[in-house]
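Build me a model:
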Amino acid sequence: MEPAPELVLLMERMYRSFDTRDSETFIDGVSRQPGSMVIGTAPEEWWVGIEAITTMIRVQFSEMPPIHFDPEETVAWKESTVGWVVSRAPMVVEGMASIMTRSTLVLREEGAHWRIVHWHISIPVANEESLGVALTTAVDEILTLLQDERPPAMAMSPDGIVTIMFTDIEGLPL
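Take a look at the predicted model:
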């Protein structure tokens, strides 16, 4: 895996297509391969295949009020002909308060171009709202919860360093 700055630029171009309501730039960024899909924030926004994506993007871009994305963080990686992007960007709709969005894209290199095979944009919702309970969401919170606990002797090295191991994380290189 390696960083993919060209995919960050592609993401910025896609955000700008919303600013200008340029549906053709958006559509050009989508792969024509079977299985390409876009998942939006509304429950019914689940489009598979370039025909469905093209039709819906053209219609929605013509209906949208002015929208501006202001990316806070965009990270992109690639390996061979596959790339992925994750991005957090406040979305500003004219006349409304800004709302945070998160996007995940999977791309494939098609000749001289990278094209989207999967885009999922979401609006984060607090765990209390979606699950009815608060969940720990940061390693710092875990450390705060455990700061008064005495670590097991076998977890501590002679110099006092404690090792914390998460055993429920799968599929990550060690």
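
so how far is G35 from V117?
Plainly put, V117 is 7 Å away from G35 if you go by CB to CB, to the nearest Å. C-beta here means a position set from N, CA and C on the backbone, and glycine is covered the same way.

Those two: which is more packed in?
Ranked by neighbour count (other CB atoms under 10 Å), V117 and G35 place V117 first, with 19 against 9.

Now name the helix or strand holding that one.
strand 113-122 (DSSP states H and E).

would you put the C-alpha positions of the helix or strand just after that strand in CSV?
Next in sequence after strand 113-122, counting helices and strands by DSSP H and E, comes helix 127-131. Written as CSV, here are the backbone C-alpha positions of helix 127-131 (Å, rounded to 0.1, in the frame of the first residue of the first chain):
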residue,chain,number,x,y,z
ASN,A,127,-24.6,6.2,19.2
GLU,A,128,-27.2,7.3,21.7
GLU,A,129,-29.5,8.3,18.9
SER,A,130,-28.9,5.1,16.7
LEU,A,131,-28.4,2.5,19.4
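
neighbouring contacts of helix 127-131?
The set of residues external to helix 127-131 that reach it, using CB atoms under 8 Å, 6 or more residues apart in numbering, is 133-135, 137.

rerun that using 10 Å as the cut-off
124-125, 133-137 (CB atoms under 10 Å, 6 or more residues apart in numbering).

List only those of these flagged as buried.
Among the contacts of helix 127-131, none is buried by neighbour count (16 or more other CB atoms under 10 Å).

Nearest to L107 among the residues you listed?
P124 (22.8 Å; CB to CB).

quick one: contacts for the closest one?
88, 99-102, 130.

In terms of model confidence, name the weakest of those.
pLDDT is lowest at S130 among these; the value there is 77.

Tell me how far that residue lies from S157.
Taken as CB to CB, the span from S130 to S157 is 40 Å.

from memory A76 sits against V82, does it?
No. Under the criterion of CB atoms under 10 Å, A76 is not in contact with V82, lying 11.6 Å apart.

Low-confidence bits of this protein, can you list those?
Counting by pLDDT under 70, the chain contains low-confidence ranges at 140-156, 160, 162-174.

And the helices in it?
Read by DSSP state H, the chain holds these helices, from start to end of the chain: 5-19, 23-28, 50-63, 127-131, 139-146.

And the shortest one, how far out from the chain middle?
Just to be clear, that refers to helix 127-131. In terms of CA atoms, centre = their mean, to the nearest Å, the centre of helix 127-131 is set 20 Å apart from its chain centre.
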